[in-house]
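Undergrad: dropping the sequence and predicted coords here.
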Amino acid sequence: MGVGMVSQMKYFKKAIGVAQHNYPEMASFIPVVNAPWAFQLLFNAISPFLNPRTRDKVAVLSAEDTKTKFSEWVDKKALPKSLGGECECQGDGLCVPRLDPYYGMEHVTVKAAGSHKAEYNIDRSQLPCVVSWKVCSEGYDLGLQIDLRKGPLKTINVKPMTRVDSHLKAWSGSLEVKEAGTLILTMDNSYSYFRTKNGYYKFSIVSSVKGTDEAPTAESTAVQVGTTEGEPGSEE
């Protein structure tokens, strides 16, 4: 090994030390697939300078090893054949299952210059309880409002109508309910005359309470009721 190579290895060892001691490791396992022989040779040269915990997380696989060993860590049905799997999907990345950000949520179409109302009934058998809601939209903001109907003649405003950037951050909140009623979510798009929007929502009972004050109650004022996350909407 020449003098130049020795000095480079010393620099590389120092750089690795700085990285290992100052930057936390986020990966649990790092497979390197279809690695050419030159990369394997390089990794073998630097691996003695790696922390053993880091070194044990890395698996360098040749083209042949990729086809036989990679499927031990990933389901063959999600792997393309080039990596030793069984999937024959066409296109980049289509073999890998994708996470659905709206999983478990109801989808509604809010027409241009229109609105949509969704209701969630709370009966006596569920009382007292804390009901939560989560609202998202796809690509654009929506006007959002929550009301609680406690009978044919009594409706309490829980969250006043507000334009929210629900396409950037979910609009969510909760409410302690002590009487049977119906939560009403209004998704407003009346200010957008030409654009139809996709909305997603979910109501759920997160807990039952017995006279506690863990969440604001329906008897509170509109400003005090519930806790809601989300950003005010922007002008179109």
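TA: On my side now, so go ahead.
Undergrad: and this structure, what are its domains?
TA: The record assigns the chain these domain ranges, following automatic domain parsing: 3-83, 106-208.
Undergrad: could the ones you listed be laid out in TSV, adding mean pLDDT, distance to residue 100 and mean neighbour count?
TA: Glycine gets a C-beta too; all of them are placed from N, C-alpha and C. Putting the domains of the chain into TSV (pLDDT from 0 to 100; distance: least, CB to CB, whole Å; neighbours: other CB atoms under 10 Å) gives the following:
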stretch	mean pLDDT	distance to residue 100	mean neighbour count
domain 3-83	73	16	13
domain 106-208	94	10	17
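Undergrad: mind checking the SS state of the nearest residue to residue 206 once chain neighbours are set aside?
TA: The spatially closest residue to residue 206, leaving aside those adjacent along the chain, is residue 132, at 4.7 Å (CB to CB, 6 or more residues apart in numbering). Three-state assignment for residue 132 (DSSP: H, G, I helix; E, B strand; the rest coil): strand.
Undergrad: and residue 132, how far from residue 74?
TA: As for residue 132, its distance to residue 74 is 35 Å (criterion: CB to CB, to the nearest Å).
Undergrad: do the same with residue 83
TA: Applying CB to CB, the value for residue 83 to residue 74 is 8 Å.
Undergrad: residue 103 is in contact with residue 200, correct?
TA: No - applying CB atoms under 8 Å as the test, residue 200 and residue 103 come out as separate, 9.7 Å apart.
Undergrad: helices of this structure, start to end?
TA: 3-22, 37-46, 52-55, 63-69 (DSSP state H).
Undergrad: coming back round to it: gap between the residue nearest to residue 206 and residue 181?
TA: 15 Å.
Undergrad: got it, and residue 121?
TA: 8 Å.
Undergrad: what sits against the residue nearest the centre of the chain?
TA: Geometric centre of the chain, nearest residue: residue 101, 5.6 Å, by CA atoms, centre = their mean. Residues near residue 101 by CB atoms under 8 Å, 6 or more residues apart in numbering: residue 136.
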